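K.L.:
got a sequence here, can you model it:
(chains A, B, C and D)
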2 protein chains.
Amino acid sequence: MKDIKTHPIGGNAGRNRTHNRRVVLDYVRANEPTGRAEIAKSCGLSFQAVSNIIEALETEGLLVAVGHKTGVRGQPAAQYKFNPESAFAIGVELRPNALICATLNLKGDCIYRERLSLEDSSPDKAIPQVCDMVDRAIAHCKRSRAQLLGVGVVMPGPFGAADMADMNAAILPDWENIDIKAVFEAALECPIIAENDATAAAISERVAGVARSMDTFCFLYFGAGLGLGVITNGHAQNGAYGNFGEIGHIVTQVGGTKCSCGNEGCLETYVSRLSVQKFMANRGIDIADADSLTKLLEQNNPALIEWIDIAATHLSQAIGILENIFDPETIVFGGAMPDSVTDALISRLQLPRGSVANRKNRKINRVMRGSSGHYTAAIGGASMIIHQITTPSMALYS
Amino acid sequence: MKDIKTHPIGGNAGRNRTHNRRVVLDYVRANEPTGRAEIAKSCGLSFQAVSNIIEALETEGLLVAVGHKTGVRGQPAAQYKFNPESAFAIGVELRPNALICATLNLKGDCIYRERLSLEDSSPDKAIPQVCDMVDRAIAHCKRSRAQLLGVGVVMPGPFGAADMADMNAAILPDWENIDIKAVFEAALECPIIAENDATAAAISERVAGVARSMDTFCFLYFGAGLGLGVITNGHAQNGAYGNFGEIGHIVTQVGGTKCSCGNEGCLETYVSRLSVQKFMANRGIDIADADSLTKLLEQNNPALIEWIDIAATHLSQAIGILENIFDPETIVFGGAMPDSVTDALISRLQLPRGSVANRKNRKINRVMRGSSGHYTAAIGGASMIIHQITTPSMALYS
DNA sequence: TACTTAATTCAAATAACTTGAATAAACATT
DNA sequence: AATGTTTATTCAAGTTATTTGAATTAAGTA
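P.N.:
Here you go, the predicted model:
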């Protein structure tokens, strides 16, 4: 996904303006409703600069005035907030057997979703389907294409698996060596961001989920395997070669279950959709879909409880690793698991004592469930687009 | 070390200039000697903008012209490189029983070092000693205080241990709740950056060590415990509360050795200075200092070899974790261990197969030894100062 | 020797932010 | 109820650092 070495580039008036627009939008996002003077103070800009930017954003429709702040001295400050209907973004999740699409308004509310089964996920077949899907989403939401901020394309990682000595084949082998961003830019004629599912999911929680006001947190994504997305200082981590977050293949039990990657005792052999399916199949129970898991949990199925306990043990170890490495504000769980199973996993965790996260006076939990359900990845795709226009590229902290 | 929530701030002409200076300096650092036109092309700036900045940098003495590039068509391009003698930075490492000081010129060469044993490391006693040490360094290097870019203060983490439920007391308890940056700014009247040892060490490898041309890599720091510093896209990771990188307390053996943090089987109970001291003491061998380790290794001492094998096993697991999480360009080992012991550890690693780093066509090793020896932390302190003036705050790529 | 290529210089032009003075409107005080 | 204080807002320059464009310089190439 990333390969050519780039270099940080300089700023000029135009790029500075772009940055400042994002700084302002990010502040409004996190603090709405808010006024120009407050933004100016918080963002280190003059009132006039903010005023000009707000005026432009209001003209474009991204922000709307919502009355005046009273109750304090001084001239009442005009308050602004996001205009959720002014623009929208689309996320597309590409899986081996399905296409999933989510449309979000500017506030991050999901206003349309669609799932399409796919027999053949090769680029030739899938790309036209994605185009049709995007057209349907725009039509269904009764928006104009001009309001479309962009499309986020989400695929499971890792990328470049073909070059890895022992890693299994890629989950979508036909897509190896394809410049996803370029291909979809050509097909959809709009801005494209491509990412893996876990990172997209993390961004979705920051744009409109439980991590809305957090700048540094981890997201554990339960998919076919197990993925990790990390946001630090408001920016998603990518790794040197675009393969950040392959946490499924860290070893939590030396000499444990043989994994397809060549290791033994990989975390995702204990915690993932494939893991629970295999575990239950060995006990003669077929897990066809998420609903069947939900039902088994409602019935307190002993085999499932057993799996949850094993999974929770390994997850607890992973949490210790993440907390001590990243020192995050929290760790969010999400992805393909039903909410009830995720909650059961969380309740059975045995969080390690020896962790920098084990503080007195914590205000938020060390672990929490994400808010976007099992459309997370597609919603994350659309969230990445919204995230980009509200995320400053400068990282100047006084 | 970090607590109050800040907000990204907007840019203006002045901040833009600061950023562009750093972009130019960073490019020269990594590509010297180089010319104005080349910088302009690579940094996305106009020739004129670069020309003005280079002129200023040359006037200030930070850059020097070094002839012209010939052999290609067109007017010969004037080449510039760093002027190592134009400015300098000082790093101070604060340990419970010692103060260590390193002075670097602008290129990152160490031009002075000093070690001072300390009976009392409390702020009242240590701060005056630090001031004297800085004065001695300036005098010894025959520089003027005006050329001092700043002082980097390095301490072992984690910070805020007093608030942690089960973590041991801080290594320097008297320094808890002290605003280190503010205290030393007042005492030394120059810019101060405070960091933990592992992060400082990572930065030192990027400024003038084996990671000079890398933007994303990990550094494992062998100290009393075990620390982790990570650079991603040229920026050091800090965590939400300044405690990024406490990798010593991740569990690599469930139910293993009891650790002072409350966990069992923490990595640093197997890999650290304290670990090897304890292991050898149990076999009746006293490890007084680094030299005694070196000698034992030369003699192929069986107990030490045994420790190295155990340590290498646990380290290999940690490397799998780091590679699969961060997808770094490489992992650097450094810190308090003698070079020969570090090399022995590296040679006995069993790098995991199932890792995104296990690629064909790798050009650099998955693990390498750092270049700055056991003054790493102090050198890292000074490196942070140099790093700051050559590291763009904007992260505009493409 | 003439041509091509690329770096450099000089002189405007431009974009975006900052500054400062004047005005508006609410709450607080007497 | 009148006056004063505080804060937001507007308007009109002023400032900074960048970009643009034309002219110049100097090396390699045909």
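K.L.:
and whichever residue of chain A sits closest to DNA strand D, how many neighbours does it have?
P.N.:
In chain A, the residue that lies nearest DNA strand D is residue A:74 (2.1 Å; Cβ to the nearest atom of the strand). Just so you know, the C-beta spots here come from the backbone N, C-alpha and C atoms, and that holds for glycine as well. Residues within reach of residue A:74, counting by other Cβ atoms under 10 Å in any protein chain shown, total 7.
K.L.:
quick one: residues contacting residue A:193.
P.N.:
A:150-153, A:181, A:381, A:384-385, A:388 (Cβ atoms under 8 Å, 6 or more residues apart in numbering or on different chains).
K.L.:
shouldn't it be within a strand?
P.N.:
Yes. Assessed with DSSP: H, G, I helix; E, B strand; the rest coil, residue A:193 lies in a strand.
K.L.:
check it and give its pLDDT.
P.N.:
On pLDDT, residue A:193 comes in at 94.
K.L.:
which strand residues bridge it?
P.N.:
residue A:152 (DSSP bridges).
K.L.:
please tell me how far it sits from chain B.
P.N.:
From residue A:193 across to chain B, the span is 12 Å (Cβ to the nearest Cβ, to the nearest Å).
K.L.:
go ahead and report the secondary structure state at the residue of chain A closest to DNA strand D.
P.N.:
Residue A:74 ends up coil, using three-state DSSP.
K.L.:
ok, residue A:252 touching residue A:318?
P.N.:
Yes. Because the distance of 6.6 Å satisfies Cβ atoms under 8 Å, residue A:252 is recorded as touching residue A:318.
K.L.:
if you count neighbours, what's buried in stretch A:357-377?
P.N.:
By 16 or more other Cβ atoms under 10 Å in any protein chain shown, the buried positions in stretch A:357-377 come out as A:357-359, A:366-377.
K.L.:
swap in stretch A:104-116?
P.N.:
Under 16+ other Cβ under 10 Å, the buried positions of stretch A:104-116 are A:104-108, A:110-114.
K.L.:
same check on stretch A:305-315?
P.N.:
A:307-308, A:310-315.
K.L.:
mind listing which of the buried residues of stretch A:357-377 are in strands?
P.N.:
A:367-369 (DSSP state E).
K.L.:
mind putting those residues into TSV with pLDDT and distance to residue A:206?
P.N.:
Below are those laid out as TSV (pLDDT from 0 to 100; distance: Cβ to Cβ, whole Å):
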residue	pLDDT	distance to residue A:206
A:367	97	17
A:368	96	13
A:369	96	15
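K.L.:
turn those residues into TSV, columns for distance to residue B:322.
P.N.:
Shown next, in TSV, are these (distance: Cβ to Cβ, whole Å):
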residue	distance to residue B:322
A:367	22
A:368	26
A:369	27
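K.L.:
residue A:64 should be in a strand, yeah?
P.N.:
Yes. Counting by three-state DSSP, residue A:64 is located in a strand.
K.L.:
show me what it is bridged to.
P.N.:
Taking DSSP bridges as the rule, residue A:64 bridges to residue A:81.
K.L.:
residue ranges with poor pLDDT in the stretch 101-250 of chain A?
P.N.:
For the stretch 101-250 of chain A, the stretches with pLDDT under 70 are A:160-170.
K.L.:
from it, which residue is nearest to chain B?
P.N.:
Minimum separation of the stretch 101-250 of chain A from chain B (Cβ to the nearest Cβ) falls at residue A:239, amounting to 2.7 Å.
K.L.:
quick revisit: which of the ones in strands among the buried residues of stretch A:357-377 lies closest to residue A:285?
P.N.:
If you rank these by distance to residue A:285 using Cβ to Cβ, residue A:369 comes first, at 24.5 Å.
K.L.:
quick check, the closest one in contact with residue A:343.
P.N.:
Yes. Between residue A:369 and residue A:343 there is a contact under Cβ under 8 Å: 6.1 Å.
K.L.:
for the nearest residue to residue A:245 once chain neighbours are set aside, phi and psi?
P.N.:
Spatial nearest neighbour of residue A:245, chain neighbours left out: residue A:228 (3.7 Å); criterion: Cβ to Cβ, 6 or more residues apart in numbering or on different chains. Phi and psi for residue A:228, reported as degrees, to the nearest 10, are phi -130, psi 130.
K.L.:
ok, residue A:135 next?
P.N.:
Per-residue torsions, residue A:135: phi -60, psi -40 (degrees, to the nearest 10).
K.L.:
also residue A:223?
P.N.:
Dihedral angles (degrees, to the nearest 10) for residue A:223: phi -120, psi -150.
K.L.:
what's the burial count for it?
P.N.:
Residue A:223: 25 neighbours (other Cβ under 10 Å).
K.L.:
didn't it look like it was pressed against residue A:337?
P.N.:
No. Taking contacts as Cβ under 8 Å, residue A:223 lies outside contact range of residue A:337: 9.4 Å.
K.L.:
between the two, what contacts are shared?
P.N.:
residue A:273.
K.L.:
pretty sure residue A:319 sits against residue A:366.
P.N.:
Yes. The pair residue A:319 and residue A:366 qualifies as a contact (Cβ under 8 Å) at a distance of 7.2 Å.
K.L.:
okay, and the common contacts of those two?
P.N.:
Common neighbours of residue A:319 and residue A:366 (criterion: Cβ under 8 Å, 6+ apart): A:331, A:351.
K.L.:
residues from the stretch 1-150 of chain A in reach of chain B?
P.N.:
Contacts of the stretch 1-150 of chain A with chain B, taken as Cβ under 8 Å from any Cβ of the partner chain, map to A:5-12, A:15-16, A:19-20, A:23-24, A:26-27, A:42-45, A:49.
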